[in-house]
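In: the amino acid sequence is not available; the structure is as follows:
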């Protein structure tokens, strides 16, 4: 049984559609990430799942139970959902232990204490029970928030950009830590972010959202190697479009030479565009006799320690390409550009 | 004119201002600790304990009734959406403009034996005499509590609503996701988080309640305020009045400590940034209807009805109320208020500027000293001002007598006393307003001006004052309005035959003839509405 099913969900705010006919399924024990630019409706979707807003069109099922449709609206307190907020929303007037125990109101005292202790151990905060939220570091507060959200064994955990307030240096450590905790508790989760790095590190599957709809859902590899639309391709990483003609399903002709694909994509004689990412490009010094063929000019160069980054202009689009340290070019140098064989992203026109 | 003051000159200005404005309080403290006075021991042995009890019951009662009115209102307007919410949000502040003695008079008129309500009831049920039925008497301690609470609840309403708005909605949402109903989450999350704000507001309300003179005097409920008034005007005993004032200072001190303490609490809790403007719950059907009705009822009884009655008086008695007296007293009020506004602005500019340029230790002390008068109830302030002024008058007369010149009560018996008292009382308002706009001026402007060879005086004149124009205007306006409304200090300090609008209205209230002063009363209400406009505007900017 799926932990969450959204069926044709729509929501309007002041007359504008924020979510439109959205479908989403979260399997048991799965972590799904709603990934999208700000304003794409991902936080609204999360609120509709939690019951913090009333979506009047479409259905929401949690653990197979209908909680919201045109007639029915189950208030948030009856949905058994855990939620982790961007600013954690810890109660500043309660201690860490009281925050964690907040959702356990109906439990007998001894059992409650035991559960709080378990959670403190799970999030490595034993000894902090009596402290107040403002006495904790950002990372510690976050772990209290996850402990609080999981303490009452919710059917589904919702996470609303929980890592955006954390320093980049420790962010990925924390992401791994929270993922470990969620997996240990065997709970399904929906995670919202605009950062694909966080999405890759945290979730099992990704659902890219665009203009209130799910553009594509799948694993990171699936989305990255075969995006269903330009929106998905662009969101998962920088690149440029080159006009191309499919010679066969695995061979394409472009203005910068032939490109080989590891997997079949277009069909013969089909016209369209290839989405080329920086790591598919190779810059080399212009060899004698090949001047003028596939050459581009270095617009600027940056040294960033492990390698160089060169900005070049290809087909009127700027792109930054990484190059090894032994390939040193200066501004205004001419270089030859090659496209390495890869699994292409081909969009027929 | 050239300003060439060195820092020490600014410093001495600031300290002189601070010292002069704190002098009355020092005299009062000194006098209240003096040895026994006959009048005071007599009061102590007879009625003083009753007065203290009445005062405390009044404060407690007003606090309870204010909570009952303001907490639901604050929660509704901060968290819920219902018909009229946007309008109620500002309209519910309006009662602050209503002087308590006016509302007290209006309700007495309505609910008295000869008032329309009882007449209608008697007609309806065919009752013949007061023995046939029971009807509450409004001119009692509970009546005074209701009247004062109807006017003061907006303090709690405003502060509580703001506190709720500043709490992150997410805290409430989090509690709901963990299984709490809206009612439970109000008691377990919103209310504990706003506790500091509530205590601070109640401290403020207690101070205002204790300072109230007009209502309790009109209702003949004896409290410490009326005791101070009677002791001075009845027994001419400044010492006894000072001693009673000392007791009030003690209560005041407790209220101030409560306020301070709760603020410390609040500092920890207020970590959320941003202010919520959307509603958390959208009320429908019966609930929405109840919310709208509750707001309507409060607004009706606290503001609309009294104003309507006043307007009614003004129309029926237009000829008598629209008198030369009205214009004379309005002019006198205006004159005093304008002079006090100009003086307080001048003084606070000097002190605040000193704070800005001071490099010595404790630059804030002169301002703090000068601001202490604000907390004093009007009657206490009047006594405090009279103490040094009568002493000075005595000395002056003693010095000048040999020269064949007897000036009389040059300071304590003239407008000087009233103006000095108002300056002591309202300096803090001007200081606060000017200080906050001063802080918005970047210090680098001072450095830029000085690096271009301008002295500090010139910097103040050419850079700060133009930039402070709005702050100065606001400060002036606020002081002006407070002066127009102030009653107890004016009653005790006004020279013979001198009336302000407030004393004029109160006189007629006491004589049961408010109808004849209805236009003056309406003017005071209208003037009182002006600061509410500013409060509302600044709240809207925040959200």
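Out: Happy to help now that I have it. Keep in mind that this is a model prediction, so the values were computed, not measured.
In: since we're on whichever residue of the stretch 1-150 of chain A sits closest to chain B, how many residues are nearby?
Out: Nearest residue of the stretch 1-150 of chain A to chain B: residue A:103, at 3.3 Å (C-beta to the nearest C-beta). Heads up, the C-betas are built off the backbone N, CA and C, glycines and all. As a burial measure, residue A:103 scores 24 neighbours (other C-beta atoms under 10 Å in any protein chain shown).
In: identify the residue spatially nearest to it, adjacent ones excluded.
Out: residue B:178 (3.3 Å; C-beta to C-beta, 6 or more residues apart in numbering or on different chains).
In: please apply the same query to residue B:502.
Out: Distances taken as C-beta to C-beta, 6+ apart place residue B:487 nearest to residue B:502, at 4.5 Å, with adjacent residues excluded.
In: so that neighbour sits against residue B:381, correct?
Out: No. With contact defined as C-beta atoms under 8 Å, residue B:487 does not count as touching residue B:381 (11.8 Å).
In: who has more neighbours out of those two?
Out: For residue B:487 versus residue B:381, neighbours defined as other C-beta under 10 Å are more numerous around residue B:381 (27 against 23).
In: and whatever helix or strand the more buried one lives in, what does it pack onto?
Out: Applying DSSP states H and E as the criterion places residue B:381 in helix B:378-400. In terms of contacts (3 or more C-beta pairs under 8 Å, 6 or more residues apart in numbering or on different chains; DSSP states H and E), helix B:378-400 is packed against helix B:7-32, helix B:195-211, helix B:224-235, helix B:238-269, helix B:415-439, helix B:488-493.
In: and the angle from it to helix B:415-439?
Out: 120 degrees (axes from the mean of the first three to the mean of the last three C-alpha atoms, to 10 degrees).
In: can you get me a residue count around residue B:316?
Out: Using other C-beta under 10 Å, residue B:316 has 12 neighbouring residues.
In: and the residue lying closest to it once chain neighbours are set aside, what does it touch?
Out: Leaving aside its sequence neighbours, residue B:316 sits nearest to residue B:515 (C-beta to C-beta, 6+ apart; 7.0 Å). By C-beta atoms under 8 Å, 6 or more residues apart in numbering or on different chains, the contact set of residue B:515 is B:313, B:316, B:317, B:320, B:321.
In: cool, residue A:280 as well?
Out: A:339, A:340, A:342.
In: highest neighbour count among those residues?
Out: Highest neighbour count within the contacts of residue A:280: residue A:339, with 21 neighbours (other C-beta under 10 Å).
In: so what pLDDT did the residue nearest to that residue when sequence neighbours are not counted get?
Out: Excluding its sequence neighbours, the residue lying closest to residue A:339 (C-beta to C-beta, 6+ apart) is residue A:259, at 4.8 Å. Listed pLDDT for residue A:259 reads 89.
In: beta partners of residue A:259?
Out: residue A:252 (DSSP bridges).
In: run a quick neighbour tally on it.
Out: 23.
In: hang on, the earlier thing: correct me if wrong: the residue nearest to residue A:103 contacts residue A:100.
Out: No. The criterion here is C-beta under 8 Å, and residue B:178 misses it with residue A:100 at 10.4 Å.
In: overlap of the contact sets of the two?
Out: Common neighbours of residue B:178 and residue A:100 (criterion: C-beta under 8 Å, 6+ apart): residue A:148.
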